[in-house]
Structures are given as C-alpha cells and as structure tokens.
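In: Fold the following, please.
(4 chains)
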Protein chains: 2
Amino acid sequence: MQFQPITREALAERLRRHRITPTHQRIEIAYALFERGEHLSADQILALVNARHAETSKATVYNTLKLFLERGLIRELIVDPDRVFYDPNTAPHHHFYDVVTGELTDIPAERVRVEGLPPLPAGTVADGVDVIVRTRPDPLPR
Amino acid sequence: MQFQPITREALAERLRRHRITPTHQRIEIAYALFERGEHLSADQILALVNARHAETSKATVYNTLKLFLERGLIRELIVDPDRVFYDPNTAPHHHFYDVVTGELTDIPAERVRVEGLPPLPAGTVADGVDVIVRTRPDPLPR
DNA sequence: CCCGGGGTTAGACAAAGTCCAAGCGGTTGG
DNA sequence: CCAACCGCTTGGACTTTGTCTAACCCCGGG
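Out: Below you'll find the predicted structure:
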C-alpha cells in the first residue's frame, strides 16, 4: 500500500519529528526498516545496512533501535525465543506467528475485538494488548 | 486453588501418564514448577532444585524442560526478551505481563473472547491464540 | 559377567545483546 | 584560529541464555 519509494530525505524529516537528530547511520537503519515494512531482527538490519558499502557497527544498530523504540518510531516484538523483531508499523495491530518457519504476518487491529478481560492487577495501568495467533504449516496440504 | 501439598509420588504418576519415566531429577524439576504453580525461567528452576542439597546440572534442566514441553506437561511463554518462562498451567489461558517488573499473572480463558480475526494465512493451521496484556506500575499510585 | 541404552553431567561452545573507553566531527566562544 | 565541548559512533571485551558433546553411571537382560 505504498506507492513511491521512500526517500532518505523523507526519513530524515520523520526522525526529526520524533526528536531524533538524523545521522547517516540512523537514516540507513530507518531505511532498512521502512523501505520494505517488514519485521526485522537486529542482526538482519545490521546485515542489510552493511550490505552495500556503508559501515555501521553492531553497537550503533542496537543503540539506534533502542532510541527508535523509546521515541515510538518502531515497536518491539517478543515472539521468538532467540531474537527480538522490530516492527516499523506502530499502528495498533496483531500478528500471526508461524512457530515452525518463524514467519510473522500482520493482522490489522480494526476488526479485532478482545472481550471479557478481567480488571488489571492492582497498581498497574494498561500498556497495550498483543494478540499472537500461533500457526504451523499445514501438515496435509491438499 | 490447590489444597493439599503435591507429593512426589503424585508427580511421578503424572509424569508416567505423559510417557515420561520419572527419575529423581525430573521429579524435582516438576516439583519446583507444580508446587507453587508459578511461571519460572530455566535459571530459576535450576536454582530452586539445587537450593537444598540435590545436585542437578544445567544440561538436565534444559533437557527436562524440553521433554516436558514436547509431552505437553508444561507450556512455554515468550514474553521477556531475555529468557523463556515455563508455565505449569496447560489449561487455555492468557497473561498480564508487567513490562517494568517482569511479573506475569494468569488470565483464565473462559470469559475471554477474541473476535474478528481474519482467516489464517494460506497453508497454515492454527496452533493457539495468545493474548498478552502489557501493563506497567501505576506512576501515580493513589 | 558383559553389553546396551536411557539418563545425567561438566564444560566447551554459540548467539544475542550490553558495556566501556576511546575517537570523531561539528559547533561555539574566546 | 584554537580549544573545549558534546552528541554520536565504534571495536572489542564481556555477559547471559541456551546448546552440544563426549564421557559416565546405573540397571536389566542374556
């Protein structure tokens, strides 16, 4: 649902709106995430960013992702026991998670309703609701 | 909701029903999980089991948890980026997760309804639905 | 006896992520 | 022009969670 390619300039502006000074590396990292809109792990991002020629260190990738997270530019997905995925889509939505292949697919939140939840534990406030539908490849495909 | 203390004998029987030969270590690990019914990480289990005097190795704890998992005796909770929690409650239910303290609380599934989910991705079958309500401590208590 | 197999084990190892002290580069003020 | 500063980046050491491997122990048959 995204027609024109994302420019680095547009990304820089986006970072600024989130009170992040746009450096070269940060733009590359944002580019990796927003260009394709996929869920990526830190490792994958590191690989993508360094794929062409630009050099960015592991530390910077982790620092930057944490910063993006704090500033609400991306979301964190805890779904795989081995690594965290980062989600460039911050609109409320949920996920299918294939426990075998590890594949993640978005579920738009509009039509989804969660009902009958009990009151929150005392002394806590809500921070969000995640629905994860675990799936596995059909063992008897047609 | 659990009145008499769990005996090791009862646990041994339970393991057998799940096609697990009950060894000393396995019973101790099951005991740690089922006695208190809490969500525990592998590390915590290792510490609990070795707390008194019994010696059990890290490898055995991991082996055993994996075995319990395969045999459907416990469930795995992927909710904390740093470690996996194991849930002795295999009845369908959901969780509150305090993102600050890391505390996990059960939500019985009976009254919870999730509606409006789209069809599963092609070629996959459902494996379960997890609802995680993220909470944080109330910043302005009273 | 000897053998075989399931269970256990210590310790080496792997992978994700954190930490730290140093370096870099651009801005500001004298 | 220089110096001091400050935010950002960096390599590499380190930590933590979990896996792997090869040896070992114990027990039950033949």
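In: Give me the contact status of the longest strand anywhere in chain A with chain B.
Out: The residue-count maximum for a strand in chain A (DSSP state E) belongs to strand A:124-137. Yes. Judged by CB under 8 Å from any CB of the partner chain, strand A:124-137 and chain B are in contact via A:124-137. Every residue, glycine included, has its C-beta placed from N, CA and C.
In: In contact with the residue nearest to the spatial centre of chain A, which residues?
Out: For chain A, the residue nearest the mean C-alpha position is residue A:87 (0.9 Å; CA atoms, centre = their mean). Applying CB atoms under 8 Å, 6 or more residues apart in numbering or on different chains to residue A:87 gives the contacts A:39, A:74, A:75, A:76, A:77.
In: now do 6 Å
Out: When contacts are counted by CB atoms under 6 Å, 6 or more residues apart in numbering or on different chains, residue A:87 touches A:39, A:75, A:77.
In: Excluding sequence neighbours, find me the nearest residue to residue A:67.
Out: residue A:20 (6.4 Å; CB to CB, 6 or more residues apart in numbering or on different chains).
In: How about the secondary structure of that neighbour?
Out: Counting by DSSP: H, G, I helix; E, B strand; the rest coil, the backbone at residue A:20 sits in coil.
In: Which stretches in chain A count as strands?
Out: Counting by DSSP E, the strands of chain A are A:40-41, A:75-77, A:85-87, A:93-98, A:104-108, A:113-115, A:124-137.
In: elements contacting the second one?
Out: The reference is to strand A:75-77. Secondary-structure packing of strand A:75-77 (3 or more CB pairs under 6 Å, 6 or more residues apart in numbering or on different chains; DSSP states H and E): strand A:85-87.
In: Show me what the strand it packs on pairs with in its sheet, parallel or antiparallel.
Out: strand A:40-41 (antiparallel), strand A:75-77 (antiparallel) (DSSP bridges).
In: and the longest strand of chain A, what does it pack onto?
Out: If you count contacts as 3+ CB pairs under 6 Å, 6+ apart, strand A:124-137 packs onto strand A:93-98, strand B:124-137.
In: CA-only coordinates of that strand in PDB, if you can.
Out: In PDB, the C-alpha atoms belonging to strand A:124-137 read as follows (Å, rounded to 0.1, in the frame of the first residue of the first chain):
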ATOM      1  CA  THR A 124      -0.900  -1.200  37.300                       C
ATOM      2  CA  VAL A 125      -2.100   0.600  34.200                       C
ATOM      3  CA  ALA A 126      -2.600  -0.900  30.700                       C
ATOM      4  CA  ASP A 127       0.200  -0.500  28.200                       C
ATOM      5  CA  GLY A 128      -1.300  -2.400  25.300                       C
ATOM      6  CA  VAL A 129      -2.800  -5.700  24.200                       C
ATOM      7  CA  ASP A 130      -0.900  -8.100  22.000                       C
ATOM      8  CA  VAL A 131      -2.700 -10.900  20.300                       C
ATOM      9  CA  ILE A 132      -0.500 -13.600  18.800                       C
ATOM     10  CA  VAL A 133      -2.100 -16.300  16.700                       C
ATOM     11  CA  ARG A 134       0.400 -19.100  16.500                       C
ATOM     12  CA  THR A 135       0.200 -21.100  13.300                       C
ATOM     13  CA  ARG A 136       2.100 -24.000  11.800                       C
ATOM     14  CA  PRO A 137       2.400 -25.200   8.200                       C
END
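In: which residues touch it?
Out: With CB under 6 Å, 6+ apart as the test, strand A:124-137 has contacts from A:94-100, A:114, B:99, B:120, B:124, B:126-138.
In: Return the list of strands paired to that strand, each annotated with direction.
Out: With DSSP bridges as the test, strand A:124-137 is paired with strand A:93-98 (parallel), strand B:124-137 (antiparallel).
In: Which one of those strands lies nearest to DNA strand C?
Out: Among these, the nearest to DNA strand C by CB to the nearest atom of the strand is strand A:93-98 (15.7 Å).
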